[in-house]
Each structure stands twice: as C-alpha cells, then as structure tokens.
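A.B. asks: requesting a structural model of the entry that follows:
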Amino acid sequence: MGKRLDGGVLMVFAVTLLFLSVLSTFMVFGSGFDWDPDDYPPEYWKAEIPQRQWIMAIGVAVPAASMATAAASMFALPRRPVRIIAGGLVAVLALVPFVVSWYLGDEAVSKAQYWAAYTDPGSYRR
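C.D. replies: Now for the predicted structure:
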C-alpha cells in the first residue's frame, strides 16, 4: 500500500504550492504588462479580457490551495505543535502572493476592459 496522507505530507504540499505561488504571481504580472496598448484595436482587447480573467483565477488559486493545504495540515491527526506553527506560518506567507495576484490580476483585467472600450480608430496601427 501507499503512504498515508498525513499532516507532514500535507505540509510538504503546502510549501511546494507556496513556492509555485511565486511563479503564478509572476505569471499574473506578465499578463497585465502591456508595452504599447494603443497599437492594438479594441477587438484584440475584447479577446484579451477572458484570457486575463483565467490567468488571474489560476494565479489566485495556487496560493489559496497552499493556504488550504497548510490549514488541513494544522488540523491533521496526530497534532504536533511544530506542524501547527509551520502551517500557520505557511498560510500567512501564502496570503501575500494571494493578495498581490488578486490586485495585479484585477488591474490587468481593468486595463484590458479600458482599452476594449477605447474607440479612437486613428490611434492604433492597422
């Protein structure tokens, strides 16, 4: 049989997801980084909105999964004080990329919505 999914294994998953949340936050930042937004027509930006929403959802889901796994590790039996403290620390540390991803993703979607509504046809190159 395989190994049981105990609190230590859950803590390893939580820490791994914490490190992956840094990459997902960078992915959210990259999705909202626009070099020259007025070079594209509004149709391009209308197509970008759902893509940026999905990237934001993934970028927020990874730190949220890290927090949930850390919380599950804290309450797994048998309870160990070191794991409870480490789980709380991982959950608090995962809160930072969660909030940053939420902010950057919301900003990226808002910028795409703004440029989708921007209808000056002479401002972008065809």
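A.B. asks: for the chain, which helix is longest?
C.D. replies: helix 81-117 (DSSP state H).
A.B. asks: which residue is nearest the centroid of this structure?
C.D. replies: With distances taken as C-alpha atoms, centre = their mean, Gly59 lies nearest the centre of the chain, 1.8 Å away.
A.B. asks: tell me the SS of that residue?
C.D. replies: Following DSSP: H, G, I helix; E, B strand; the rest coil, the label given to Gly59 is helix.
A.B. asks: mind listing what's buried in the longest helix of the chain?
C.D. replies: 83, 86-87, 90-91, 93-94, 97-98, 100-102, 104-106, 108-109, 111-112, 115-116 (16 or more other C-beta atoms under 10 Å). Just so you know, the C-beta spots here come from the backbone N, C-alpha and C atoms, and that holds for glycine as well.
A.B. asks: swap in stretch 14-23?
C.D. replies: Ala14, Val15, Leu17, Leu18, Ser21.
A.B. asks: what does that stretch rub up against?
C.D. replies: 62-63, 65-67, 69-70, 73, 87, 90-91, 93-94, 97-98, 101 (C-beta atoms under 8 Å, 6 or more residues apart in numbering).
A.B. asks: let's see 6 Å
C.D. replies: Residues external to stretch 14-23 that are found in contact with it (C-beta atoms under 6 Å, 6 or more residues apart in numbering): Val62, Pro63, Ala65, Ser66, Thr69, Ala70, Ser73, Val90, Ala94, Pro97.
A.B. asks: re earlier: can you list the buried residues of stretch 14-23 in a markdown table and add pLDDT and secondary structure?
C.D. replies: Shown next, in a markdown table, are those (pLDDT from 0 to 100; DSSP: H, G, I helix; E, B strand; the rest coil):
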| residue | pLDDT | secondary structure |
| --- | --- | --- |
| Ala14 | 96 | helix |
| Val15 | 97 | helix |
| Leu17 | 97 | helix |
| Leu18 | 97 | helix |
| Ser21 | 97 | helix |
